[in-house]
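Trainee: The following block contains a protein sequence and its predicted model.
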Amino acid sequence: MRGLLAGGALLAAPVALAGGTATQLDQVTVTADRLSDQVDSATVGTVYAGQFENRPLSRPGELLEVVPGLIITQHSGEGKANQYFLRGFNLDHGTDFATWIDDMPVNMPTHAHGQGYSDNNFLVPELVQSIDYRKGPYYPQWGDFSAAGAADIHLRDSFEQNLVQFTGGEYGYGRGLEAGSYQLFGGNVLYGVEGEHYDGAYIKNDNFFNGSVTLRYSKQSDSGSFHLTAMGYSARFDSTDQIPQRAVDEGLVDRLGCFDGGCSDGGKTHRYSFSGGFNRRFGTGELTGSAYALRYKLDLFSDFSYYLLDPVRGDQFEQFDARNVYGGKIAYKQPYALFGFRTLSEAGVQTRYDDIGTVGLYDTEERTRFGTVSQDHVREWSQAVFAETSIELTHWLRATAGLRYDHYDFGVTADDAADSSSGALVNDPANSGHASAGITEPKLTFVAGPFHKTEFFLNLGKGFHSNDGRGTTETEVFDPRYADSHPGATPGDATTHVDKVSALVATRGADLGLRTTIIPHVQFSQSFFILDIDSELTFNGDGGDTSPGDATRRYGTESAVYWKPQEHLVIDADYAYSHSRFRVPQVLDVGSVGFRIPEAATSVFAFGGTYESPLGWFAAARFRYFGPRPLIEDNSVSSHATKVVNLTGGYSFNRQIKIGIQVINALNSKDHDIDYYFASRLTPPGAPNQDPAQGVNSIHFHPIEPTNVRVYVAWYY
């Protein structure tokens, strides 16, 4: 059993004692025979469905905010992956936060819109059984993208009661869900069908439509269990991306509006997968394995800089990604005695192969292509081996040592050079080729306790994230818009020579933490961390992607508290502070020097309460504070804080009918979901109040939607 968490606070923290018994820190005693039932850090835990089923959510990805200190936001419309912030990282769409669904990865390497792109919109919250989370590079079972943290989402095997639910709300919101399970051949068949539509509060409707289907078969026996899962998700959407603050201030656009070429932004995506997994007793240990295959596609249109790059047709661009992904893992875990000490060892192998048929970047106008910046076929294969051993040195001290090795192979075929006679795309040998890299990651953990219902943890480890595979072979960048702003330019003038990037970027971290229940009915955890990364991926406003930068260091603290003053009331809170800096000075265009990391989260606070009456009434409230962030390296420009309150409440009739209401942004906050600082040019040549050719640096933001009320009715049968 791992530590439990409700809305960011630990519910229980098992502590192993000599002889194989484990005592819950809240004085509930359970029996355990395995070291695997023990927790190795103050920043790991498991959240179960009963703890988040009444949590107010404006989008599925916010389910991951049960991880203390994690912020989920959006800089575009629905249908696009969320933006993640954790431990002083602007994680973009998932670069250093790994997400898995029953051992199937969500993050996409070498993705058209950003490295590690993690789109969780296909999640159906009612089908989730639990979420395991962990922070830091301390666990050899997890590799790429997990330096800041990781979450494993586990689907249900069955329902106690089948469910039909309908939700309706403001701004054209509608959702229908049917989910349930039945027994077949001694196992359980689970199904879920969802359809959703949302126009959004923005002046230009989101026109978001999505549909998803989940079908799962699972079976358990005395010797083990297995599951097979098929999932399908498809969505299409328009979107209002971030807009320039100066345009709002000048009355050129409403804060809920879109600006010029950005008014045709949007896209479509789908994800179809089949996966399976098993665990089985094998000798005196346990053998586990999993495999998956998925087909994925994203076609995304964005415009952040308007007329900066192309003063005639505008700066809209298309990012296209179509791939098949295959992979799996197998591991063996065995307890034994080593020189009289209780020991548990685990070893395993993992592999993943991304066959990226097309990953491309194109110049567009009103979603119509007129130029190709890059178009590549990438084959990316990763292999990993890992091992971990835990040993009880005394009844109060446990040590865990782990080692992981990852190897990556990249094959890139670039088709981004235009034939001078026909204009057709041809193979570009300057950007094609093969590359490979490997990295070794040691891990070490010490756990001391219990001392007066308190445990202490020390975690040390090395991790990594991979870079975009195209960067490992790319030596030239061609800009087809160059001729539009430079009459008489040749193709050579539009070509920039670049250096190849490192395929794998190392991270090194340390955590010092404690957990305690010394105060009755209160559980508390505290951690202090430091994390170095050899190369920071930073957001590029003009291109809508990320690029590698210099090394950085982060340190900070995280706290989580859970209080249960009475049987039906739970109150919880978590706070995180991070100090984030580049290791070397960053020289800005204006000549100043700074060490700040743009968009790096500094302080995060969440507070909430849930009440469930035995008479059927329930209510929940959540407050989230997302502190100011520097938007430029010298901190001369920063964002304001973001504050939002969400509410939910309702009544259950005899466990068969449940009605509820959700109020998103209950206080009608006009804060921003996210802020960026970059150059844009608002007007084409000849227009009134024309911007200079180099554009104007300014804040661009995406506003929180105004108060949004949704009502749902659920029938359980």
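Mentor: Sure, I can see it. It should be emphasised that the depicted structure is a prediction, and the values quoted were computed from it without experimental measurement. Numbering: from 1, shown residues only.
Trainee: So what pairs up with the residue lying closest to Tyr191 once chain neighbours are set aside in the strands?
Mentor: Nearest residue to Tyr191, sequence neighbours excluded (Cβ to Cβ, 6 or more residues apart in numbering): Leu215, at 5.4 Å. Where you see a C-beta, it was placed from the backbone N, CA and C, and this is true even at glycine. Beta bridges link Leu215 to Tyr191, Ala230, judged by DSSP bridges.
Trainee: ditto for Lys329
Mentor: Bridge pairing for Lys329 (DSSP bridges) gives the partners Ser290, Gln350.
Trainee: is it true that it touches Thr351?
Mentor: Yes - the criterion here is Cβ atoms under 8 Å, and Lys329 meets it with Thr351 at 7.4 Å.
Trainee: quick one: average pLDDT of stretch 227-246?
Mentor: Per-residue pLDDT over stretch 227-246 has a mean of 95.
Trainee: Pull out the buried positions in that stretch.
Mentor: Residues 227, 229, 231-235, 237-246 are the ones in stretch 227-246 that count as buried (16 or more other Cβ atoms under 10 Å).
Trainee: In helices only, show me the residues you listed.
Mentor: Counting by DSSP state H, the buried residues of stretch 227-246 place 245-246 in helices.
Trainee: Compare Lys329 and Thr351 and say which is more crowded by neighbours.
Mentor: It is Lys329, of Lys329 and Thr351, that has more neighbours when counted by other Cβ atoms under 10 Å, with 19 against 16.
Trainee: And the more buried one, what's its pLDDT?
Mentor: Per-residue pLDDT puts Lys329 at 97.
Trainee: Please give me every residue in contact with it.
Mentor: Residues near Lys329 by Cβ atoms under 8 Å, 6 or more residues apart in numbering: 103, 289-290, 348-351.
Trainee: who does Gly433 bridge with?
Mentor: So, taking DSSP bridges as the rule, Gly433 has Val412 as bridge partners.
Trainee: quick one: it from Asp376, how far?
Mentor: From Gly433 across to Asp376, the span is 11 Å (Cβ to Cβ, to the nearest Å).
Trainee: Compare these two and say which one has the larger neighbour count.
Mentor: Asp376 (25 against 16).
Trainee: What are the phi and psi values at the more buried one?
Mentor: phi -130, psi 150 (degrees, to the nearest 10).
Trainee: In this structure Leu127 contacts Ala179, no?
Mentor: Yes - checked against Cβ under 8 Å, the pair Leu127 and Ala179 is within contact range at 6.3 Å.
Trainee: And these two? Which one has more around it.
Mentor: Neighbours of Leu127 and Ala179, each counted by other Cβ under 10 Å, are more numerous for Leu127; the result is 22 against 19.
Trainee: Share the number of residues neighbouring the residue lying closest to that one once chain neighbours are set aside, please.
Mentor: Of all residues not flanking Leu127 in the chain, Gly192 sits nearest, at 4.9 Å (Cβ to Cβ, 6+ apart). Using other Cβ under 10 Å, Gly192 has 22 neighbouring residues.
Trainee: residue contacts, Gly192?
Mentor: Residues in contact with Gly192, defined by Cβ under 8 Å, 6+ apart, are 124, 126-127, 177-179, 212-214.
Trainee: what's the spacing between it and Leu184?
Mentor: Relative to Leu184, and taking Cβ to Cβ, Gly192 is found at 16 Å.
Trainee: so who does Phe282 touch?
Mentor: Neighbour list for Phe282: Tyr332 [criterion: Cβ under 8 Å, 6+ apart].
Trainee: circling back: mind listing the shared neighbours of Leu127 and Ala179?
Mentor: 190, 192.
Trainee: surely Asp363 meets Phe478?
Mentor: No - the criterion here is Cβ under 8 Å, and Asp363 misses it with Phe478 at 11.1 Å.
Trainee: quick one: common contacting residues for these two?
Mentor: Taking Cβ under 8 Å, 6+ apart as the criterion, Asp363 and Phe478 both touch Val373.
Trainee: Check the chain and tell me which residue is nearest its centre.
Mentor: Centroid-nearest residue in the chain, with Cα atoms, centre = their mean: Gly94, separated by 4.2 Å.
Trainee: in a helix, that's where Cys263 is, yeah?
Mentor: Yes - under DSSP: H, G, I helix; E, B strand; the rest coil, Cys263 falls within a helix.
Trainee: tally of neighbours for it?
Mentor: 19.
Trainee: How many neighbouring residues does the closest residue to it other than its chain neighbours have?
Mentor: Distances taken as Cβ to Cβ, 6+ apart put Lys204 closest to Cys263, at 5.7 Å, once the chain neighbours are dropped. Neighbours of Lys204 under the rule other Cβ under 10 Å: 19.
Trainee: Which secondary structure state does Lys204 sit in?
Mentor: With three-state DSSP as the basis, Lys204 sits in coil.
Trainee: from memory it sits against Cys258, does it?
Mentor: Yes - with contact defined as Cβ under 8 Å, Lys204 and Cys258 form a contacting pair (4.9 Å).
Trainee: Which neighbours do the two have in common?
Mentor: Thr240.
Trainee: how much space between the residue lying closest to Val604 once chain neighbours are set aside and Leu252?
Mentor: Spatial nearest neighbour of Val604, chain neighbours left out: Ala576 (4.6 Å); criterion: Cβ to Cβ, 6+ apart. Separation of Ala576 from Leu252 (Cβ to Cβ): 37 Å.
Trainee: So the two - more neighbours on which side?
Mentor: Using other Cβ under 10 Å, the more surrounded residue of Ala576 and Leu252 is Ala576, with 27 against 16.
Trainee: count of neighbours near Leu177?
Mentor: When neighbours are counted by other Cβ under 10 Å, Leu177 registers 21.
Trainee: In terms of helix, strand or coil, where does it fall?
Mentor: Using three-state DSSP, the structure places Leu177 in strand.
Trainee: do Glu126 as well
Mentor: Reduced to three states by three-state DSSP, Glu126 is helix.
Trainee: Likewise for Ala601?
Mentor: Using three-state DSSP, the structure places Ala601 in coil.
Trainee: That one and Pro628 touch, don't they?
Mentor: No - using Cβ under 8 Å as the test, Ala601 is too far from Pro628 to be in contact (9.5 Å).
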